[in-house]
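K.L.:
My questions concern the predicted model and sequence given below.
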Amino acid sequence: MSKALGIINFAGNHIQVDGLQKYRPVSAFSFLGRYRTIDFPISNMSNSGIDNIQVYVRRKPRSLTEHLGTGRHYNINSKRGSLNIMYTERNQIGDLYSTDIAAYIENLDCIERIPQQYVVLAPSYMIYTADYSKFLKEHIESGADISLMYHSVDNAKENFLNCGTLNINKQKGVLSIEPNHGTAKNRNIFMDTYVMTKELFLELVNKAHKTSSIYTFSDIVDEECAELDIRAVPHRGYFAAITDFNSYYHANMTLIDLKHASDLFDPEWPIYTRTNDSCPTQYFEGSKVTSSVISNGCLIEGTVENSIIGRGCVIKPGAIVKNCVISADVIIGKNVHVENLVVDKHAKLVRGKRGIAAPDKPGYVERGDTL
């Protein structure tokens with residue numbers, strides 16, 4: 001699979017995750033206690049044999065940069081492989097001009113120098129596993145100009161509202177890329193995942209740049225549907241898109257269910273992440289944990305039910321944590337009851353004894369806050 005360059009795009013302007021996005025890009029979000037969302041596309045590429053990867057970031061890069069490090073924990077070939085973080089430094093006011101096309105134009109020379117013949121593009125805000133080597137092979141055999149990956153869903157009226165959809169004919173040809181307006185429950189959700197030749201990729205990037213300063217790569221591909229042979233390739237298995245706060249919460253919570261987790265995690269397809277040395281979680285006398293995902297390094301003295309607990313958390317005696325997503329190094333104080341919350345890292349819930357949000361509208365505790 002060394003014939004393909006991997007590009008991981010940042011989340012576009014249509015992705016707004018209140019609270020969490022204030023401190024880091026979506027790609028650096030904690031996921032399921034021990035992962036970051038960026039781990040999934042990089043692991044897909046690494047497992048597929050793609051060992052030359054570019055990760056694009058446009059704002060607040062510190063958290064992502066620290067997590068990626070040299071990239072060696074992703075099992076990327078140590079001699080010929082590389083993982084490079086590509087920054088965009090445009091100084092325009094607001095986000096209007098801060099598109100993926102602008103980022104590619106700024107780093108065009110880095111893409112042009114890459115010897116690989118093909119490009120595989122993947123998003124940083126979607127959680128799924130896929131073998132890109134099969135994706136590329138199917139693309140080459142089809143003779144198509146571009147292949148796009150999609151996932152068919154039956155709940156598009158309430159979910160995936162910030163995602164694109166593929167309008168597909170009977171021959172799996174893509175007629176257009178359209179927004180999901182929530183008008184129908186059955187949709188082919190576009191996974192923002194492409195494969196094409198590097199030559200065509202560069203051609204489309206330059207064309208989009210000349211056409212409009214606010215064009216995205218998706219815009220120019222949609223415009224070319226009538227001119228190019230663009231094929232749709234279905235995806236099977238677990239799929240989630242983190243496009244807003246609720247989708248982040250529910251993407252985490254659904255994986256507490258072993259059936260859903262088994263659809264995502266395969267021993268033959270490891271999800272790599274940056275690890276740290278810490279002791280196993282300690283469960284003290286009187287503690288109770290049910291239907292939860294607990295990371296290492298925690299001290300559990302209270303009750304945890306149907307929740308995800310990040311690394312290094314402390315749950316004090318008498319505390320109740322229910323239906324929550326708890327990030328790393330959080331303290332839940334003695335006799336504190338929290339329910340239906342996302343608690344960001346380093347927060348301390350020690351004074352207020354009850355923090356309960358509505359099940360259909362989970363609450364958020366800010367990073368480093370004390371309640």
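P.N.:
On my side now, so go ahead.

K.L.:
Tell me where the stretch 251-371 of the chain has helices.
P.N.:
258-264 (DSSP state H, counting those that start in this stretch).

K.L.:
got it, and the stretch 51-200 of the chain?
P.N.:
62-68, 100-106, 108-112, 132-142, 198-211.

K.L.:
For the closest residue to residue 287 other than its chain neighbours, give me its contacts.
P.N.:
Among residues not flanking residue 287 along the chain, residue 300 sits closest, at 4.7 Å (Cβ to Cβ, 6 or more residues apart in numbering). Backbone N, C-alpha and C define where each C-beta goes, glycine included. By Cβ atoms under 8 Å, 6 or more residues apart in numbering, residue 300 lies in contact with 281-284, 287, 289, 294, 309, 315.

K.L.:
pLDDT value on residue 300, please?
P.N.:
As predicted, residue 300 sits at a pLDDT of 98.

K.L.:
how close does it sit to residue 345?
P.N.:
Here residue 300 is placed at a distance of 18 Å from residue 345 (Cβ to Cβ, to the nearest Å).

K.L.:
got the helices of the stretch 51-200 of the chain as a markdown table, with mean pLDDT and mean neighbour count columns?
P.N.:
Listed next are those as a markdown table, based on pLDDT from 0 to 100; neighbours: other Cβ atoms under 10 Å:
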| stretch | mean pLDDT | mean neighbour count |
| --- | --- | --- |
| helix 62-68 | 91 | 17 |
| helix 100-106 | 93 | 22 |
| helix 108-112 | 93 | 12 |
| helix 132-142 | 96 | 17 |
| helix 198-211 | 97 | 17 |
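
K.L.:
So which of those helices is nearest residue 174?
P.N.:
Closest to residue 174 of these, according to Cβ to Cβ: helix 132-142, at 12.1 Å.

K.L.:
now for the closest one, which elements pack on it?
P.N.:
strand 4-9, strand 118-123, strand 146-153, strand 187-197, strand 230-234 (3 or more Cβ pairs under 8 Å, 6 or more residues apart in numbering; DSSP states H and E).

K.L.:
Could you list the low-pLDDT ranges of this protein?
P.N.:
Counting by pLDDT under 70, the chain has low-confidence residues at 1-2, 78, 89-94.

K.L.:
Grab the most central residue of it for me.
P.N.:
Note on the chain: the residue nearest the mean C-alpha position is residue 125, at 3.0 Å, using Cα atoms, centre = their mean.

K.L.:
quick one: contacts for that residue?
P.N.:
Neighbouring residues of residue 125 by Cβ under 8 Å, 6+ apart: 11, 15, 26-27, 37, 241-243.

K.L.:
just residue 42 next, same as before
P.N.:
Residues counted as contacts of residue 42 (Cβ under 8 Å, 6+ apart) are 8, 53, 55, 71, 74, 83, 272.

K.L.:
now the helices and strands packed on helix 132-142 in TSV, with distance to residue 261 and mean neighbour count?
P.N.:
Converted to TSV, the helices and strands packed on helix 132-142 look like this (distance: least, Cβ to Cβ, whole Å; neighbours: other Cβ atoms under 10 Å):
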stretch	distance to residue 261	mean neighbour count
strand 4-9	23	25
strand 118-123	21	25
strand 146-153	18	22
strand 187-197	20	24
strand 230-234	22	19
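
K.L.:
Which of these sits closest to residue 218?
P.N.:
Smallest distance to residue 218 across the helices and strands packed on helix 132-142 (Cβ to Cβ): 7.1 Å, for strand 187-197.

K.L.:
gap between stretch 71-87 and the chain center?
P.N.:
Offset of stretch 71-87 from its chain centre (Cα atoms, centre = their mean, to the nearest Å): 18 Å.

K.L.:
send the alpha carbons of it over as CSV?
P.N.:
Extracted in CSV, the C-alpha atoms of stretch 71-87 (Å, rounded to 0.1, in the frame of the first residue of the first chain):
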residue,chain,number,x,y,z
GLY,A,71,3.9,8.9,15.4
ARG,A,72,5.9,5.7,16.1
HIS,A,73,3.2,4.4,18.5
TYR,A,74,1.0,4.0,15.4
ASN,A,75,3.2,1.2,14.1
ILE,A,76,4.3,3.3,11.1
ASN,A,77,7.3,1.9,9.2
SER,A,78,10.4,3.3,11.1
LYS,A,79,12.6,3.5,8.0
ARG,A,80,10.6,4.8,5.2
GLY,A,81,7.4,6.0,6.9
SER,A,82,6.5,9.4,8.3
LEU,A,83,3.7,11.2,10.0
ASN,A,84,3.7,14.9,9.5
ILE,A,85,1.5,17.6,11.1
MET,A,86,0.6,20.2,8.5
TYR,A,87,-0.3,23.6,9.8
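
K.L.:
Okay, buried residues for it please.
P.N.:
71, 73-74, 76, 81, 83, 86 (16 or more other Cβ atoms under 10 Å).

K.L.:
And stretch 344-353, how far out from the chain middle?
P.N.:
Taking Cα atoms, centre = their mean, the mean C-alpha location of stretch 344-353 is offset from the chain mean by 26 Å.
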